[in-house]
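Participant: Need coordinates for the following:
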Amino acid sequence: MTVIAYLKEQCGWSRGVREVLAKCGIEYEEKQIHIPDNYIEMVQKTGQTLQPCVQFDNDVLIDVSGEEVLEYLVSIGHESMVETNVPLDAPCTDEEHEQQRIQEFYDIEFARLDKEIL
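Facilitator: Next up, the predicted model:
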């Protein structure tokens, strides 16, 4: 099975998806959506902008939690994992949101400086 996960680097929902895929032993390609080409690819495949999204061959789960990914895997016959230390259905913390805002600011400023230098 070919699996592609469109995730954020720092995100509670993305953490839940990663945890399920790891605990279930699913090999996958992770595409970080802060990279413009990955984000565009995700939007083209799903027709929307919310994440996480996980593609299992021809099935695409859109804006899902780890719990929903686990439910999907069980529905196609994959054994359920025993336990996890990571919440599977939780948003980012306030601290993670602040870190994302800071990172976005620096990304914008560095891009602006690169244009000025070139």
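
Participant: What's opposite E30 in the beta bridge?
Facilitator: Taking DSSP bridges as the rule, E30 bridges to A5.

Participant: Might you report the residue contacts of it?
Facilitator: Taking CB atoms under 8 Å, 6 or more residues apart in numbering as the criterion, E30 is in contact with 5, 7, 18. Using the backbone N, CA and C atoms, a C-beta is placed for each residue, glycine as well.

Participant: Least confident secondary structure element in this protein?
Facilitator: Taking mean pLDDT, DSSP states H and E as the measure, the helix or strand of the chain with the lowest value is helix 94-117, at a mean of 69.

Participant: Can you tell me how far the closest residue to C53 other than its chain neighbours is from K23?
Facilitator: Spatial nearest neighbour of C53, excluding adjacent residues (CB to CB, 6 or more residues apart in numbering): Y6 at 4.4 Å. Distance of Y6 to K23, given as CB to CB, to the nearest Å: 20 Å.

Participant: Who has more neighbours out of those two?
Facilitator: Y6 (26 against 18; other CB atoms under 10 Å).

Participant: Return the residues in contact with the more buried one.
Facilitator: Contact analysis of Y6 by CB under 8 Å, 6+ apart lists 31, 33, 38-39, 41-42, 51-55.

Participant: Now, of those residues, which are buried?
Facilitator: Taking 16 or more other CB atoms under 10 Å as the criterion, what is buried in these is 31, 33, 38-39, 42, 51-55.
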